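1. Next come a sequence and a model predicted from it.
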Amino acid sequence: MTVRCPFCDDLSGSMTLDDSVVFAIRDRYPVTTGHTLIISKRHVETWFDLDRNERIAVLDAIETVKAELDREFSPDGYNVGFNAGRAAGQTVMHMHVHVIPRYNDDVDDPRGGVRGVIPSKQKYE
């Protein structure tokens, strides 16, 4: 049985950015308002499978998406990152970067940020 990749399907109607190497869409299950995914057009599993030009395109797209989100939602901060491999929590095996706008008071205590992937290690206490 072949598993279809949701990022390889036609997403043209929901794209917020589209160039020759990457595209961006709003996450279908957003963590916060404006949560956006930057996705490589070439089907590779992780950031580490991208070539140098694709990595640069992703970094440029992060800046473009951030500027768009700043204009539209005026967030107070951002989390930006990717999961590489199932052990890291990757569920769609096609390289994508999460750009997650953060807002004051969206959680009680945001200290530790991405360290929260392992909840017992999030705080420095």
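-> Thanks, I have it.
2. chain center to the helix or strand harbouring Ile38, what's the gap?
-> With the criterion set as DSSP states H and E, the secondary-structure element containing Ile38 is strand 36-40. Offset of strand 36-40 from its chain centre (C-alpha atoms, centre = their mean, to the nearest Å): 6 Å.
3. Not counting it itself, show me its contacts.
-> The contact list for strand 36-40, computed with C-beta atoms under 8 Å, 6 or more residues apart in numbering, reads 7, 16-17, 21-27, 50, 54, 58, 61-62, 65, 69, 94-99. Quick note: C-beta positions are derived from backbone N, CA and C, even for glycine.
4. where in the chain is pLDDT low?
-> Residues of the chain that meet the criterion pLDDT under 70 lie in 1-3, 10-13, 125.
5. quick revisit: and the contacts of strand 36-40, which of them are buried?
-> The neighbour-count test (16 or more other C-beta atoms under 10 Å) applied to the contacts of strand 36-40 identifies 7, 16-17, 21-25, 50, 54, 58, 61-62, 65, 69, 94-99 as buried.
6. Give me the residue at the spatial middle of this protein.
-> His98 (1.1 Å; C-alpha atoms, centre = their mean).
7. between the longest strand along the chain and strand 36-40, how many degrees?
-> Across the chain, the strand with the greatest residue count (assigned by DSSP state E) is strand 96-102. Relative orientation of strand 96-102 with respect to strand 36-40: 160 degrees, computed using axes from the mean of the first three to the mean of the last three C-alpha atoms, to 10 degrees.
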